[in-house]
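J.: Below is the sequence, then the predicted model.
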Amino acid sequence: MPLPEPWLRGTRPHPHPILRAVLHSFEQVREDLALHTAGLTDEQTWRSYGAVAPLGYQLRHIAGSVDRLTTYAAGEALTETQLEAGRQEAVPGASLEELIQRVEAALAEASERLGTLDLSDLDAPRFVGRQRLPATLGGLLLHLAEHTQRHLGEAIITAKLARA
């Protein structure tokens, strides 16, 4: 019988419930990607299926968006390196193994960085993008979890298409 999802296992204890939810989301990403990408080839990773973005894009986007949203949550602006990485997410080339490693590294870095944030004021103002759209720390944390899960779902569907 499979284990329950991470949020039902208490595998990421953290005193703050919002951060605990984000960390459980990250754990779900790790587990589901391992399950659904096992055995896929690099060619399958970058294959397009009509209007569905390739799995490689989804993996790069998960890693990149986690990095970017974590930067905004920390109250910082993106670097030119982060902006350029975002522009390159759909460019084929990296192997599935490299992409999975990058997702893991992004999740680990974000987990560590988020753990250093002062979560006592979730309404603390934050700004997103060059237009400095208004957000809050709490809003960014919730969006980080849900956005990551949204692209995990897209990655799972694309991986299933690759096997069909």
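T.: Sure, I can see it. Just so you know, these numbers come straight off a predicted model, no measurement behind them.

J.: tell me what the lowest-mean-pLDDT helix or strand in the chain is packed against?
T.: Of the helices and strands making up the chain, the lowest-confidence element is helix 6-9, at a mean of 80, by mean pLDDT, DSSP states H and E. When contacts are defined as 3 or more Cβ pairs under 8 Å, 6 or more residues apart in numbering; DSSP states H and E, helix 6-9 packs onto helix 17-37. (Glycine included, C-beta is placed from N, CA and C.)

J.: Work out the gap between the helix or strand that the helix it packs on is followed by and the centre of the chain.
T.: Later in the chain than helix 17-37, the nearest helix or strand by DSSP states H and E is helix 42-46. Mean-position distance between helix 42-46 and its chain equals 20 Å (Cα atoms, centre = their mean, to the nearest Å).

J.: likewise stretch 52-70?
T.: For stretch 52-70, the distance to the chain centre is 6 Å (Cα atoms, centre = their mean).

J.: For it, buried residues please.
T.: Residues of stretch 52-70 classed as buried by neighbour count (16 or more other Cβ atoms under 10 Å): 53-70.

J.: hang on, the earlier thing: which residues make contact with the least confident helix or strand of the chain from outside it?
T.: Contacting residues not belonging to helix 6-9 are listed as 3, 12, 21, 24, 27-28, 31 [Cβ atoms under 8 Å, 6 or more residues apart in numbering].

J.: neighbour-wise, which of the residues you listed leads?
T.: When neighbours are counted by other Cβ atoms under 10 Å, H24 leads the contacts of helix 6-9 with 20 neighbours.

J.: any weak-confidence spans in the protein?
T.: Low-confidence segments of the chain, defined by pLDDT under 70: 1, 11-14.

J.: so where's the longest helix in it?
T.: helix 137-163 (DSSP state H).

J.: For that helix, which helices and strands make contact with it?
T.: helix 17-37, helix 42-46, helix 55-73, strand 125-128.

J.: Throw the ones you listed into JSON lines and include distance to L141, thanks.
T.: Output for the helices and strands packed on helix 137-163, formatted as JSON lines (distance: least, Cβ to Cβ, whole Å):
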{"stretch": "helix 17-37", "distance to L141": "5"}
{"stretch": "helix 42-46", "distance to L141": "30"}
{"stretch": "helix 55-73", "distance to L141": "6"}
{"stretch": "strand 125-128", "distance to L141": "10"}
